[in-house]
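J.: Structure for the following, please:
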Amino acid sequence: MLLERSDGAAPGWSAPASRVELVAASGHRPSGPKLASPRTVAEGDTLLAPAVTQRLIEHFLVRPAPVDGVPAPLRGLTERELAVLRLVTAGLTNAEIAGRLYLGATTVKTHLGHVLAKLGLRDRTQAIVLAYETGLITPGRREAD
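T.: Numbering: from 1, shown residues only. Prediction:
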């Protein structure tokens, strides 16, 4: 049985520098990940190294911006509702959002209520999660600045 072990030296998606080990059927019997990996593949499942899995996750977390700047699920929102949603994702209170957008706190509350109703959401937390999931907001980008 041949097992490949990456030393993680190669960047990006290129083939990593590797070391191949030969495990004799009657000799050394590996346990743990070395044994689970061949079984996983033999059963028809896909096996990815943790480093590859991490790169895939990072790749899909950074989504390209939609062509018109607004993700499809959010296209029913007005510009003002989108502005309020962006500031909600930055953790601002209604009063702080009101100050940024030169609105009354009650008006901000009304806009946020419309956002929640249009998107079928229960609260600010669900709105924030949806903003990230749709790509309106990307990790590491601060809307409050």
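
J.: wait, what's in contact with residue 73?
T.: Taking CB atoms under 8 Å, 6 or more residues apart in numbering, we find residue 73 in contact with 119, 130, 134. No exception for glycine: its C-beta is placed from N, CA and C like everyone else's.

J.: Which positions in the helix or strand where residue 106 lies come out as buried?
T.: Using DSSP states H and E, residue 106 falls within helix 105-119. Applying a neighbour-count criterion of 16 or more other CB atoms under 10 Å, one finds 107-109, 111-112, 114-116, 119 buried in helix 105-119.

J.: Name the nearest of the contacts of residue 73 relative to residue 96.
T.: Using CB to CB, residue 130 is the member of the contacts of residue 73 that sits closest to residue 96, with 20.7 Å.

J.: Let me have the contacts of residue 73 in a markdown table, extended by pLDDT.
T.: Shown next, in a markdown table, are the contacts of residue 73 (pLDDT from 0 to 100):
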| residue | pLDDT |
| --- | --- |
| 119 | 92 |
| 130 | 90 |
| 134 | 85 |
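
J.: where does the protein have low pLDDT?
T.: Applying pLDDT under 70 to the chain picks out residues 1-41, 44-49, 56, 58-69, 140-145.

J.: redo that, cut-off 50
T.: Counting by pLDDT under 50, the ranges of the chain that qualify are 1-5, 9-26.

J.: any idea where the strands of it begin and end?
T.: 2-6, 18-22 (DSSP state E).

J.: rewinding a little: the buried residues of helix 105-119: which two are farthest apart?
T.: Largest separation among these by CB to CB: 107 and 119, giving 18.9 Å.

J.: Tell me where the chain has helices.
T.: Using DSSP state H, the helices of the chain run over residues 33-42, 50-61, 79-89, 94-101, 105-119, 124-134.

J.: Just name the most buried of those.
T.: Each of the helices of the chain was scored by mean neighbour count; the highest is helix 79-89, a mean of 20, by mean count of other CB atoms under 10 Å.

J.: got the angle for that one vs helix 94-101?
T.: Relative orientation of helix 79-89 versus helix 94-101 (axes from the mean of the first three to the mean of the last three CA atoms, to 10 degrees): 130 degrees.
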